[in-house]
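[1] fold the following, please.
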Amino acid sequence: MYSYTDRIRAVELYLKLGKRLMATIRQLGYPTKNALRGWHREYEQRLDLPVGCAVPSPRFTQAQKEAAVEHYRTHDRCISATMRALGYPGRATLTAWVREAFPETRKLQLAGLVV
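    Reported below is the predicted structural model:
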């Protein structure tokens, strides 16, 4: 969200102002208190800040995703049963995977009517 230059400027000003959070934020107009604390903690540990932002690794592997979608397909297309049987993922994640794999499931069926 913030560039390396913006983050290092904020940390340096924070140190210059005697580690006063609100004075630093007021003068710069950014970041939040927690972001500044995190940047400062990282700066103290590494004596620098990372140039880019870290991309989090996916929580589930592609094989896990495929296994969940396959279980859903072969077991009456029931999200609850798939979640119980496999123990992962959450309802929202599994629903997103199912909708990606089977776009036709987006239609909601209520009492036999397609809405």
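[2] name the residue closest to the centre of this protein, please.
    The chain has Pro56 as the residue nearest its centroid, 7.5 Å off, counting by Cα atoms, centre = their mean.
[3] pLDDT score for that residue?
    If you check Pro56, the pLDDT there is 72.
[4] can you tell me the SS state at it?
    coil (DSSP: H, G, I helix; E, B strand; the rest coil).
[5] ok, it to Tyr14 distance?
    Distance, Pro56 to Tyr14, by Cβ to Cβ, to the nearest Å: 26 Å. Yep, even glycine has a C-beta here, placed from its N, CA and C like the rest.
[6] mind giving me the domain ranges of this protein?
    As given by automatic domain parsing, the domain ranges for the chain are 4-46, 62-114.
[7] among those domains, show me which one is buried the most.
    Of those, the one with the most neighbours on average (mean count of other Cβ atoms under 10 Å) is domain 4-46, at a mean of 14.
[8] can you give me the helices for this protein?
    With DSSP state H, the ranges of helices along the chain come out as 4-16, 21-28, 33-46, 62-74, 79-86, 91-101.
[9] how about those in JSON lines, adding mean pLDDT?
    Shown next, in JSON lines, are those (pLDDT from 0 to 100):
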{"stretch": "helix 4-16", "mean pLDDT": "91"}
{"stretch": "helix 21-28", "mean pLDDT": "94"}
{"stretch": "helix 33-46", "mean pLDDT": "90"}
{"stretch": "helix 62-74", "mean pLDDT": "92"}
{"stretch": "helix 79-86", "mean pLDDT": "91"}
{"stretch": "helix 91-101", "mean pLDDT": "91"}
